[in-house]
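[1] Please find the sequence and the predicted model below.
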Amino acid sequence: MVRGVVFTERAPKPIGPYSQGVLVNNMVFVSGQIPIDPSTGKLVSGGVREQTERVLENVKAILEAAGFSLSDVVWVFVALKDSSKFSEFNEVYSRYFQTNPPARMTVGVADLPGGALVEISVIAVKS
């Protein structure tokens with residue numbers, strides 16, 4: 001079994017005892033990402049659309065650092081602070097997963113770190 005930690009400066013640095021991602025054989029597990037701009041270390045301004053875009057760019061950067069892409073994603077976990085913003089979230093999300101979208105679970109939550117509106121974690125597999 002091959003196992004390794006994934007790290008890139010193009011995504012926010014972990015703020016606790018976790019890795020941005022973990023590579024296991026032909027799979028990568030990306031930790032939950034919130035809308036932190038890696039160049040500033042601050043939460044991006046705007047609503048759920050802007051935050052979803054930043055989160056997905058962070059996820060994409062981690063995947064690329066592991067040699068994967070969004071097309072390799074097979075499962076997505078989404079936490080939304082306000083479920084009434086689901087359609088706004090979906091509008092941005094659908095631009096990133098246009099063809100053969102992965103399986104997904106979306107839940108409404110009471111709170112997210114740093115006041116974020118969305119957090120996303122993924123699993124990707126290379127055939």
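    It's in. Quick caveat: nothing in here was measured; it's all calculated off a predicted structure.
[2] Which parts of this protein are helices?
    Ranges of helices within the chain are 48-65, 86-96, based on DSSP state H.
[3] helices or strands up against the first one?
    By that I understand helix 48-65. With contacts taken as 3 or more Cβ pairs under 8 Å, 6 or more residues apart in numbering; DSSP states H and E, helix 48-65 sits against strand 21-24, strand 27-33, strand 36-37, helix 86-96, strand 118-125. Using the backbone N, CA and C atoms, a C-beta is placed for each residue, glycine as well.
[4] Tabulate those (JSON lines), appending distance to residue 43.
    Output for the helices and strands packed on helix 48-65, formatted as JSON lines (distance: least, Cβ to Cβ, whole Å):
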{"stretch": "strand 21-24", "distance to residue 43": "21"}
{"stretch": "strand 27-33", "distance to residue 43": "12"}
{"stretch": "strand 36-37", "distance to residue 43": "6"}
{"stretch": "helix 86-96", "distance to residue 43": "16"}
{"stretch": "strand 118-125", "distance to residue 43": "11"}
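[5] looking at those, which is closest to residue 51?
    With respect to residue 51, and counting by Cβ to Cβ, the nearest of the helices and strands packed on helix 48-65 is strand 118-125 at 5.2 Å.
[6] Residues touching that closest one, excluding its own?
    26-35, 48, 51-52, 55-56, 59, 63, 66, 68-69, 72-81, 89, 102, 112-113 (Cβ atoms under 8 Å, 6 or more residues apart in numbering).
[7] tell me the angle it makes with helix 48-65.
    Orientation of strand 118-125 against helix 48-65 (axes from the mean of the first three to the mean of the last three Cα atoms, to 10 degrees) gives an angle of 30 degrees.
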